[in-house]
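**Q** have a look at this prediction, sequence included:
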Amino acid sequence: MVLTFHVETSKAEEVMKELDDDNCLVIVLEALNGTECRIKTAGLWIDSPVGLNWKKFSKRLQHAFLQLFRSPQLRDLRLCGFNRLPLTFLCGAHITRLHLYGCLKETDASQEVLPAEETLPLPELDALVTDHELPVSYFERTISSELESAIDNLLYLYSTIFINADFAKCLEVIERSKHSLIRLSLRYEAVRVALQSYAGTFDLSNAQRLFNVCLHHYGGIPGPQAPTLGVLEDVIRFCNILRLPTSGSLRCLAFVIPMNQNENCAQFFLDSFHPEHQEFHKWSALDAALGRVCLGGVASIEILILTFEFNGQSKDKIPYGDSFVTAAEALVRKSLTSFAGGEKQKVPRVVIRIVFES
């Protein structure tokens, strides 16, 4: 059974207060809770500019939500827009997958923790989807000098980076799960701002079992713009700070590279491969950066996937029609001279994808 609760309005706080005052929501939640509860997936979405303040819920409603989180059958919990969640909201839960987005942390360090909650164990998460608004302290605690963590056996991490500080927060989660993590997917919002102001490295060298890494670069600037290949500079910049696992476990490295929203971006993309084009040099720079990551040191990558997403391009205006994808793939492949290989050089198999997003 799947439970979905979705509030989409700029007046979410007023709507929630009305539901709370009338006991409408709490009665439903209490009816769903208990040992007979069959809910395996619960999605609670507050689609509002500022979200909701947990502290403004009645004690009864808070308790009903916590009982839902701790339902014996619940395995997948998805929360969006719940601010100031208690540090113990995961205690007693049986979930293996957690999705957190837009949930601002508790700012009161002296918040009350009930003695009964202190004895409830943390869940063992397999997958975490997060924008890192909630710090690692929400996922672990120390009891009798022993560290208990909900993420030390994490297998899958899906991370969204908004600002440069999120890089360090993401690496902190990776460090906690370095003996178990096998898949890492990072989506960069406003990537240019985050990367240009980040002075450190993105070091995955201690992730001993990491097998697959997908890096989704997103410019974060909405609306049509003049065609450009500035996003390639972001990929190059990230390659320069990326450090791969020293265990040799990594087999697949993928980049999702969006072309900016412009109806002429497809033609501009093709034109950029002409030697006299002002953006032509960026393709050789991309080849060099990818070569440093994939071919040097302890690199064990078998597959390199490059996906170019064309947004805002009308399909009926694609140059050369159905032949565009074939032509674009061939031009990208030709530009990656470091991956041409040779008799003695083992290089990853390069997969190039050209996709159009509506």
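**A** Perfect, thanks for sending it.

**Q** could you look up the SS state of L29?
**A** helix (DSSP: H, G, I helix; E, B strand; the rest coil).

**Q** an error on my part: the question was meant for T142.
**A** strand.

**Q** what's the closest non-adjacent residue to it?
**A** E148 (7.4 Å; CB to CB, 6 or more residues apart in numbering). C-beta: built from backbone N, CA, C; applies to glycine.

**Q** longest helix in the chain, by residue count?
**A** helix 281-295 (DSSP state H).

**Q** just the pLDDT for the residue nearest to V2 when sequence neighbours are not counted.
**A** Spatial nearest neighbour of V2, excluding adjacent residues (CB to CB, 6+ apart): T41 at 4.5 Å. The score at T41 is 94. That number is its pLDDT.

**Q** show me what the longest helix of the chain is packed up against.
**A** helix 230-241, helix 324-335 (3 or more CB pairs under 8 Å, 6 or more residues apart in numbering; DSSP states H and E).

**Q** redo those helices as CSV? Include mean pLDDT.
**A** Listed next are the helices and strands packed on helix 281-295 as CSV, based on pLDDT from 0 to 100:
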stretch, mean pLDDT
helix 230-241, 88
helix 324-335, 94
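
**Q** still on that earlier bit, check contacts around the residue nearest to V2.
**A** M1, V2, L3, L74, R75, D76, L77, R78 (CB atoms under 8 Å, 6 or more residues apart in numbering).

**Q** quick one, which of those residues are buried?
**A** Buried subset of those (neighbour count, 16 or more other CB atoms under 10 Å): L3, L74, R75, D76, L77, R78.

**Q** gap between the third one and N164?
**A** Distance from R75 to N164, counting by CB to CB, to the nearest Å: 34 Å.

**Q** likewise for the second one?
**A** Look at L74 and N164: by CB to CB, they are 35 Å apart.

**Q** before we move on, the earlier item: closest to I236 out of the buried ones among the contacts of T41?
**A** Distances from I236 to the buried ones among the contacts of T41, taken as CB to CB, are shortest for R78 (34.5 Å).

**Q** please look at the closest one and F69 and confirm they touch.
**A** No - if you go by CB atoms under 8 Å, R78 and F69 don't touch, sitting 11.3 Å apart.

**Q** intersection of neighbour lists for the two?
**A** Joint contacts of R78 and F69 (CB under 8 Å, 6+ apart) are A42.

**Q** hmm, back to that, how about the longest helix of the chain: buried residues?
**A** Neighbour count says helix 281-295 has K282, W283, L286, D287, A289, L290, G291, R292, V293, C294, L295 buried, by 16+ other CB under 10 Å.

**Q** looking at those residues, which one is closest to K169?
**A** V293 (22.8 Å).

**Q** please name the nearest non-neighbouring residue to that closest one.
**A** Excluding the flanking residues, the one nearest V293 by CB to CB, 6+ apart is C239, at 5.0 Å.

**Q** what is the neighbour count of that neighbour?
**A** Counted by other CB atoms under 10 Å, the residues lying close to C239 total 21.

**Q** now do the one 10 residues further on
**A** Using other CB under 10 Å, S249 has 18 other residues around it.

**Q** touching, it and E302? I think so.
**A** No - taking contacts as CB under 8 Å, S249 lies outside contact range of E302: 11.3 Å.

**Q** pLDDT at the closest residue to N153 other than its chain neighbours, what is it?
**A** Distances taken as CB to CB, 6+ apart place S180 nearest to N153, at 4.8 Å, with adjacent residues excluded. pLDDT for S180: 98.

**Q** got it, and A165?
**A** 87.

**Q** could you do A289 as well?
**A** pLDDT at A289 comes out at 95.

**Q** show me what contacts the residue lying closest to it once chain neighbours are set aside?
**A** Using CB to CB, 6+ apart and skipping residues adjacent in sequence, the residue nearest A289 is C239, 3.9 Å away. The contact partners of C239, taken as CB under 8 Å, 6+ apart, are A289, L290, R292, V293.
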